[in-house]
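J.: Pasting the sequence and the predicted coordinates here, then a few questions.
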Amino acid sequence: MESLIQLGIFVTLMVLGFIFGRRAESKHYKSIISREDRYRHILITNEKLPAPEFISHDSGMVTGNVVISVDYFKVVAAGLKSLVGGRLTAYESLLDRARREALLRMQENAEELGALAIINTKFETSRISGNAGKGLGSVEVLAYGTALTPRC
């Protein structure tokens with residue numbers, strides 16, 4: 001009887017994790033898409049040197065940082081998938097959202113400075129462990145680059 005209760009709790013947590021995780025992920029993606037349209041005018045490149053039209057611009061560092069937590073459903077789904085191998089799509093969407101959000105925050109920082117472009121863009125990704133190192137708790141992504149601002 002006790003094992004049936006534990007199974008019921010597990011299934012309930014899985015269903016709730018799936019429903020609320022999907023809802024939060026969908027809401028975040030909608031926010032990302034609308035903000036990407038808003039900042040589309042700021043050029044982002046990983047080129048080390050500015051294009052000729054930006055040679056006379058001032059430069060300064062801009063950053064965008066985000067920490068996104070993984071939901072319970074993704075942890076269980078990825079754990080089951082790792083038993084048979086293959087792509088862990090549950091974590092791929094988490095990393096996609098984190099990278100895009102970090103880029104948007106970097107663009108927001110650049111817009112505050114009046115920048116028209118960001119060159120030499122880089123990412124740093126790190127895992128913030130949950131459960132005393134037994135799994136992925138959250139992922140942190142830092143995007144940084146050199147903002148090019150017109151001289152006054």
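T.: It's in.
J.: Show me which positions of the strand or helix carrying residue 13 end up buried.
T.: Here residue 13, judged by DSSP states H and E, is contained in helix 2-38. Applying a neighbour-count criterion of 16 or more other C-beta atoms under 10 Å, the buried positions in helix 2-38 are 17, 18, 21, 25, 28, 32, 35. Every C-beta, even on glycine, is put in place using the N, C-alpha and C of the backbone.
J.: What is that helix packed up against?
T.: helix 72-84, helix 89-113 (3 or more C-beta pairs under 8 Å, 6 or more residues apart in numbering; DSSP states H and E).
J.: residue ranges with poor pLDDT in this structure?
T.: 71-83, 88, 130-136 (pLDDT under 70).
J.: Now for the residue nearest the centre of the chain: which residues touch it?
T.: Centroid-nearest residue in the chain: residue 98, 0.4 Å away (criterion: C-alpha atoms, centre = their mean). Counting by C-beta atoms under 8 Å, 6 or more residues apart in numbering, residue 98 makes contact with 66, 68, 125, 139, 140, 141.
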